[in-house]
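Student: have a look; sequence and predicted model below, questions after that.
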Amino acid sequence: MVGNWSDDLIALTRKHVGVMQGTAPGARVPICMKHWNHRFGLLLVEGTEGVLVVVDAARGAREVFISPDDLIAAGWVLD
């Protein structure tokens with residue numbers, strides 16, 4: 001378990017984010033995310049390489065990740 005997240009939620013996040021990375025850029029939609037320290041954000045998948053960007057809802061700060069595992073390790077999962 002990472003942070004307070006269950007193994008099932010981590011697996012679901014890994015699966016759905018991975019699918020989004022493989023989707024054509026014009027077909028991608030933002031995904032609501034939550035962080036173990038009670039923050040919320042919006043996940044955007046950018047560019048043809050599928051870079052993962054979480055925009056923090058409260059601060060507007062952008063966090064960039066290469067893989068779903070990096071995103072999860074940083075504390076983010078599907079909301």
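Tutor: Good, I have the coordinates.

Student: pop out the phi and psi values for residue 31.
Tutor: Per-residue torsions, residue 31: phi -120, psi 130 (degrees, to the nearest 10).

Student: that one: what's its closest spatial neighbour, skipping adjacent residues?
Tutor: residue 43 (4.2 Å; CB to CB, 6 or more residues apart in numbering). To be clear about C-beta, it is placed using only N, CA and C from the backbone, and glycine gets the same treatment.

Student: wait, isn't that neighbour in contact with residue 56?
Tutor: No - distance between residue 43 and residue 56: 11.0 Å, which falls outside the contact criterion (CB atoms under 8 Å).

Student: what about the residue nearest to residue 31, helix or strand, and which?
Tutor: Using DSSP states H and E, residue 43 falls within strand 40-46.

Student: got the contact list for that strand?
Tutor: Residues outside strand 40-46 that contact it (CB atoms under 8 Å, 6 or more residues apart in numbering): 17, 20-21, 23, 25, 28, 30-35, 51-58, 63, 71, 76, 79.

Student: how about a cut-off of 10 Å?
Tutor: When contacts are taken as CB atoms under 10 Å, 6 or more residues apart in numbering, the neighbours of strand 40-46 outside the stretch itself are 13, 16-17, 19-23, 25, 28-35, 51-65, 71, 76, 78-79.

Student: no more questions from me, cheers.
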